[in-house]
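Visitor: pasting the sequence and the predicted model now:
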Amino acid sequence: MNITSKSRYALKIMMDLAHYSGNDPTAIVRRSDIARRQGIPTEYLDQIMIRLRAAELVDSIRGRAGGYRLGRDANRISLWDVFAAVEDSIYPVECVSHGDKCGFAPSCITHDAWSTIFTAMREPLVKMTLADATANWADEHRMCPAGGIRECRGG
């Protein structure tokens, strides 16, 4: 499983939307505010938002007062949903992808190992919701003086 900058930025975007919309499902968060707070170039934010919209994780509102809002309640969006929406391929090998079987599965030496590894990586992401991820995001730690939240750098 490859977690790219798309996933890292998508998580930041979704956490920002969840936090700044609060419990109001109609609250709209401006694109420029997300980009500024999270230190995401707007062109890259737009590319990620296209994928998040296609997965129905966010809604876009056009017009002068437009922006984005969560497509459903933060308690109903898993981190797996976010990562799967933005990654081209989140599966390490073809045979664990949605139960797809390649012709070599019965004799493949690594099939069972990949299945176990993938399940161990996927299950916590399925169980953790966007609401869980934002629950401990403290106000005093939100903004970095240079703009954007403090975060781990990509490996």
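Guide: Alright, I've got the coordinates. Residues are numbered from 1 along each chain as shown.
Visitor: pLDDT below threshold where in the protein?
Guide: Within the chain, the segments meeting pLDDT under 70 span 1-2, 97-102, 105, 138-155.
Visitor: can you map out the strands along it?
Guide: Assigned by DSSP state E, the chain shows strands spanning 58-61, 67-70.
Visitor: would you mind finding the most buried of those?
Guide: Mean neighbour count, computed with mean count of other Cβ atoms under 10 Å, is highest for strand 67-70 among the strands of the chain, reaching a mean of 21. In short, each C-beta sits where N, CA and C put it, glycine included.
Visitor: against which helices or strands is that strand packed?
Guide: Secondary-structure packing of strand 67-70 (3 or more Cβ pairs under 8 Å, 6 or more residues apart in numbering; DSSP states H and E): helix 5-21, helix 31-38, strand 58-61.
Visitor: tell me the contacts of R53?
Guide: D59, S60, G71 (Cβ atoms under 8 Å, 6 or more residues apart in numbering).
Visitor: again, only using 7 Å
Guide: Neighbour list for R53: S60 [criterion: Cβ atoms under 7 Å, 6 or more residues apart in numbering].
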